[in-house]
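**Q** turn this into a model:
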Amino acid sequence: MRSRRQGAASAGRRDRRPDRKTLQLCQQVKHTLEYVLTGECDDDVLRGLYVESVNPLPDASNLLVTVSSLDRENPPEPADVVERLGIVGGKLRSEVAASISRRKVPELHFTVASEPSDAERGETGYSSEAMDG
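**A** Sure, this is the predicted structure:
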């Protein structure tokens, strides 16, 4: 029985897919950040963002938050977005802490998506070739 436990533990380390609780946490954080960015930020750039995804980095103690601009015609500079998110990072983390049931609140790391997601491309007809030519 002991070898079975060791085998299961080592198999768990090789399998890097997040568990159900981690995925649930990521969804809670995503919904909280969407709410706070669209309604409670006094920054027009941040209000013009939506949260594409929240993923563990590499575990639930650090989360990678990917945001995109709603304004496809004149999106803000990614460096400016990350800087502004850094300024309000404490408020965002505080809101996340209030919305989740965890002893430790995960650190939030932000990145800006460089192009629309596949779902958006299908809805808007966006094509990188069309933009280049």
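**Q** every contact and neighbour count from this point should use C-alpha atoms.
**A** Fine.
**Q** where does the protein have low pLDDT?
**A** Counting by pLDDT under 70, the chain contains low-confidence ranges at 1-16, 115-133.
**Q** strands along that one, start to end?
**A** Secondary structure of the chain (DSSP state E): strands located at 49-56, 62-69, 107-112.
**Q** JSON lines for those strands, including distance to Gly39 and mean neighbour count?
**A** As requested, these are exported to JSON lines (distance: least, CA to CA, whole Å; neighbours: other CA atoms under 10 Å):
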{"stretch": "strand 49-56", "distance to Gly39": "11", "mean neighbour count": "20"}
{"stretch": "strand 62-69", "distance to Gly39": "15", "mean neighbour count": "21"}
{"stretch": "strand 107-112", "distance to Gly39": "19", "mean neighbour count": "17"}
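**Q** in TSV: those, plus distance to Leu23.
**A** What follows is these, written out as TSV (distance: least, CA to CA, whole Å):
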stretch	distance to Leu23
strand 49-56	8
strand 62-69	11
strand 107-112	15
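**Q** out of these, which is closest to Leu37?
**A** strand 49-56 (7.1 Å; CA to CA).
**Q** quick one: strands adjacent to the closest one?
**A** Strand 49-56 sits in its sheet next to strand 62-69 (antiparallel), going by DSSP bridges.
**Q** appreciated, that's everything.
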